[in-house]
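Asks: Okay, sequence plus prediction incoming.
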There are 2 protein chains.
Amino acid sequence: MKFYDCTTAPSPRRVRIFLAEKGIEIETVQVDLSTGEHFSEAFKAINPLMEVPLLALDDGTSINQVGAICRYLEEVYPDNPLHGRTPVERAMVDASNHQLQMNGFTAGAEAFRNSTPGFKNRALPGPHNYSQIPELADRGLQRLDNLFADLDAHLANSEFFVGDYYSIADITALCVIDFAKWVKKRIPEDCSNLQRWYDQVNSRSSAKA
Amino acid sequence: MKFYDCTTAPSPRRVRIFLAEKGIEIETVQVDLSTGEHFSEAFKAINPLMEVPLLALDDGTSINQVGAICRYLEEVYPDNPLHGRTPVERAMVDASNHQLQMNGFTAGAEAFRNSTPGFKNRALPGPHNYSQIPELADRGLQRLDNLFADLDAHLANSEFFVGDYYSIADITALCVIDFAKWVKKRIPEDCSNLQRWYDQVNSRSSAKA
């Protein structure tokens, strides 16, 4: 099994933290997104979507997408589950993680990719080029402001995103909040619940991954 | 268990087809999105996100999000699995389904919600209002064109989205293609693989759900 990673990018970091929490070690290959290595013919042969993270199995199967990779790893390494311990808890984690993906990661990517000169025709990842839309960058920033307030309200009554259970939703949220710094958005001072949660998850050794 | 549905909306249809394929019957409550019933205080008490579908369990737990609902139902009703039959197949289904969600549903929603007068300040679902961005509607249409070509290429060598196995990814794709008609996008004539696949999945009795 080989994990295709890029240490500077927020999406593969979700997998790195997941691996660290589970105590799994996998051979890792760095793909340098800053020099466009993901657009090379060699990497396209491994992943036609030209994205990291990617998990390549020994039989040649490639698994794309953070969510699919982490779920596969949880099946193969079931100890210390991070997707939930019961059907209902798994549903809560899944719904929370999906919300954080859609309202967090997507919002951050809207803000970043639509405003950064280096992403001029790369407003979306993947094989197609799309022009930047400046209004979409603004909307991404608005969405991050709303997200901070929503997450703060949720964490007023909950230690982690799903009760007192640290899960993959907390990993996603940590990466979303650190990614938001790329567009100069930080946890507002009045979001004390979110800050308390952030300090707690950020002090875990996995957060360094 | 109660399923909160809206027969005219594309997201809850994914759950309806899933239920039909699994042969599961659940008490269903219609929420009339056309009159804004999802914004009512009564419905907000059930789902603060003001969205359908929603699955309300008998103990009062609410499960949000199509993906989390279908995965929960698969755990409770494991016969005839639609998320895959092995860890690798489950990873393939999960990655494919996520791609279809991000590049299909999201693209269709960008096109529809940013161009339809009734969605003037509702360019995104959920509790926050966002203005329409006409350029984003155009980008949504471009993305659907690219999607049709990409899906057609994929289905040249595959009966369903994941080999010869009908899965939740096919359900998502069917709903994406029918949703694209809302913005007047139909399978192009030269996409014969995609059309062959569509005719096949659309002829299943579950497609009427």
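Replies: Perfect, thanks for sending it.
Asks: Just checking, which helix or strand of chain A averages the lowest pLDDT?
Replies: The helix or strand with the lowest mean pLDDT-type score in chain A, counting by mean pLDDT, DSSP states H and E, is helix A:41-46 (a mean of 87).
Asks: can you list the residues that contact whichever helix or strand comes after that helix?
Replies: Sequence order places strand A:54-56 as the next helix or strand after helix A:41-46, per DSSP states H and E. Under the criterion CB atoms under 8 Å, 6 or more residues apart in numbering or on different chains, residues A:1-4, A:15, A:26, A:46-47, A:62-64, A:69, A:72-73 lie in contact with strand A:54-56. Quick note: C-beta positions are derived from backbone N, CA and C, even for glycine.
Asks: Partner strands of strand A:54-56 and their direction?
Replies: Paired with strand A:54-56 in the same sheet, following DSSP bridges, are strand A:2-5 (antiparallel), strand A:62-64 (antiparallel).
Asks: State the next helix or strand along the chain beyond the helix or strand where A:T172 lies.
Replies: With elements delineated by DSSP H and E, A:T172 resides in helix A:168-180, which encompasses its position. Using DSSP H and E, the helix or strand that follows helix A:168-180 in sequence is helix A:192-202.
Asks: which parts of that next one are buried?
Replies: Residues of helix A:192-202 classed as buried by neighbour count (16 or more other CB atoms under 10 Å in any protein chain shown): A:193-195, A:197-198, A:201.
Asks: would you put the C-alpha positions of that helix in CSV?
Replies: Taking Å, rounded to 0.1, in the frame of the first residue of the first chain, the C-alpha atoms of helix A:192-202 are listed here in CSV:
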residue,chain,number,x,y,z
SER,A,192,-15.0,30.7,22.9
ASN,A,193,-16.5,27.2,22.5
LEU,A,194,-14.8,26.8,19.2
GLN,A,195,-11.5,28.1,20.5
ARG,A,196,-11.7,25.7,23.5
TRP,A,197,-12.4,22.8,21.1
TYR,A,198,-9.6,23.9,18.8
ASP,A,199,-7.0,24.1,21.6
GLN,A,200,-8.0,20.6,22.7
VAL,A,201,-7.8,18.9,19.3
ASN,A,202,-4.8,20.9,18.2
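Asks: for the nearest residue to A:E75 once chain neighbours are set aside, what are its contacts?
Replies: Computed as CB to CB, 6 or more residues apart in numbering or on different chains, the closest residue to A:E75 that is not its neighbour in sequence is B:P87, at 4.3 Å. Contacts for B:P87 (CB under 8 Å, 6+ apart) come out as A:72, A:75-76.
Asks: Pull up the gap between B:P87 and A:Y77, please.
Replies: Counting by CB to CB, to the nearest Å, the gap between B:P87 and A:Y77 amounts to 11 Å.
Asks: again with A:I69
Replies: A:I69 sits 12 Å away from A:Y77, going by CB to CB.
Asks: And for A:S205?
Replies: Using CB to CB, one gets 18 Å for the distance from A:S205 to A:Y77.
Asks: Could you do A:F18 as well?
Replies: Distance, A:F18 to A:Y77, using CB to CB: 10 Å.
Asks: what about the two, which has more around it?
Replies: Residue environment comparison for A:F18 versus A:Y77 gives the larger neighbour count to A:F18, 24 against 13, counting by other CB atoms under 10 Å in any protein chain shown.
Asks: So that one sits against A:C70, correct?
Replies: Yes. Under the criterion of CB atoms under 8 Å, A:F18 makes contact with A:C70 at 4.9 Å.
Asks: what do the two both touch?
Replies: Contact criterion CB under 8 Å, 6+ apart; residues shared by A:F18 and A:C70: A:82, A:168.
Asks: burial measure for the nearest residue to A:K2 once chain neighbours are set aside, as a count.
Replies: Across the structure, with CB to CB, 6+ apart as the measure, the residue nearest A:K2 apart from its sequence neighbours is A:A56 (4.5 Å). For A:A56, the neighbour count with other CB under 10 Å is 17.
Asks: before we move on, what about A:E21?
Replies: By other CB under 10 Å, 20 other residues sit near A:E21.
Asks: Flag every buried residue along the helix ranked longest in chain A.
Replies: For chain A, the helix reaching the highest residue count under DSSP state H is reported as helix A:134-154. Counting neighbours by 16+ other CB under 10 Å, one finds that the buried residues in helix A:134-154 are A:135-144, A:146-148, A:150-152, A:154.
Asks: which SS state does the residue of chain A most remote from its centre fall under?
Replies: Distance from the C-alpha centroid of chain A, by CA atoms, centre = their mean, peaks at A:D59 (26.5 Å). On the three-state scheme (DSSP: H, G, I helix; E, B strand; the rest coil), A:D59 is labelled coil.
Asks: Now do it, the pLDDT please.
Replies: The predicted local distance difference test score for A:D59 is 93.
Asks: separation between it and B:E189?
Replies: Following CB to CB, the distance that separates A:D59 from B:E189 is 38 Å.
Asks: One more: A:E21?
Replies: Taking CB to CB as the measure, A:E21 falls 50 Å from B:E189.
Asks: repeat for A:D79
Replies: From A:D79 over to B:E189 the distance is 52 Å, taken as CB to CB.
Asks: hey, what's A:Q30 bridged with?
Replies: Legend: beta-bridge partners of A:Q30 under DSSP bridges are A:D5.
Asks: neighbours around it, how many?
Replies: Counted with other CB under 10 Å, residues neighbouring A:Q30 total 14.
Asks: so who does it touch?
Replies: Each residue near A:Q30 by CB under 8 Å, 6+ apart is listed here: A:5-7.
Asks: I'd like those residues laid out as CSV, including neighbour count.
Replies: Rendered in CSV, the data for those read as follows (neighbours: other CB atoms under 10 Å in any protein chain shown):
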residue, neighbour count
A:D5, 22
A:C6, 20
A:T7, 13
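Asks: With respect to B:E159, which of the residues you listed is nearest?
Replies: Among the contacts of A:Q30, A:D5 lies closest to B:E159 (CB to CB), at 33.3 Å.
Asks: Beta-bridge partners for A:A56, please?
Replies: Beta-bridge pairing of A:A56, defined through DSSP bridges, involves A:K2, A:S62.
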